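Participant: Predicted model follows, preceded by the sequence.
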Amino acid sequence: MKTNRLVSIFNGLPVLSIIISVFFFSSSLAIILDIIFYIGLTFLVVGSIFLLVQEGFFAAFIRSSKRFFAAMSKYEQTIRDVEGRSDEPNFYVKRFPFVKMLFVMGAFYFLLSTVASLLYFYFGR
């Protein structure tokens, strides 16, 4: 249910952007294609950021930094031994179900605008 709502929201953004650009800016096809390209690129970048967080890249970086600084500090190591804590803390893993959808929609808008722009500028204005 949530994913269907997200699909409708993400599909509505390009349509809303095109409507706003037609009413407030020049209604040139090149500007509309540029807007679709930027929307597709934004979806790809946001999807990549969510994928990095989801796969635990930053958690691994934080874990290795904590391990390094704990090894450098004898005080921290003594406290860890007394309390009986392990060296590996448990990290919470966050899953984002819409990452694949962002990549697919971003790639679709990106490729659509790129191909349409090439055809538009190749065959003339």
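Facilitator: Right, received. Where do you want to start?
Participant: elements contacting the single longest helix found in the chain?
Facilitator: Across the chain, the longest stretch assigned as helix under DSSP state H is helix 29-54. For helix 29-54, the elements it packs on are helix 2-24, helix 99-122, judged by 3 or more CB pairs under 8 Å, 6 or more residues apart in numbering; DSSP states H and E. In this view, the C-beta of every residue, glycine as well, is placed from N, C-alpha and C.
Participant: which stretch in those helices has the least confidence?
Facilitator: Here the lowest mean pLDDT among the helices and strands packed on helix 29-54 goes to helix 2-24, at a mean of 67.
Participant: I'd like to know the phi and psi angles of Glu55, please.
Facilitator: Note on Glu55: backbone dihedrals following degrees, to the nearest 10 are phi -80, psi 0.
Participant: that older thread, quick check: mean pLDDT of the longest helix of the chain?
Facilitator: If you average the pLDDT values across helix 29-54, you get 85.
Participant: Just the angle for it relative to helix 99-122, thanks.
Facilitator: Helix 29-54 and helix 99-122 meet at an angle of 160 degrees, taking axes from the mean of the first three to the mean of the last three CA atoms, to 10 degrees as the criterion.
Participant: Could I get the buried residue list for helix 29-54?
Facilitator: Residues of helix 29-54 classed as buried by neighbour count (16 or more other CB atoms under 10 Å): 32-33, 35-37, 39-40, 43-44, 46-47, 50, 53.
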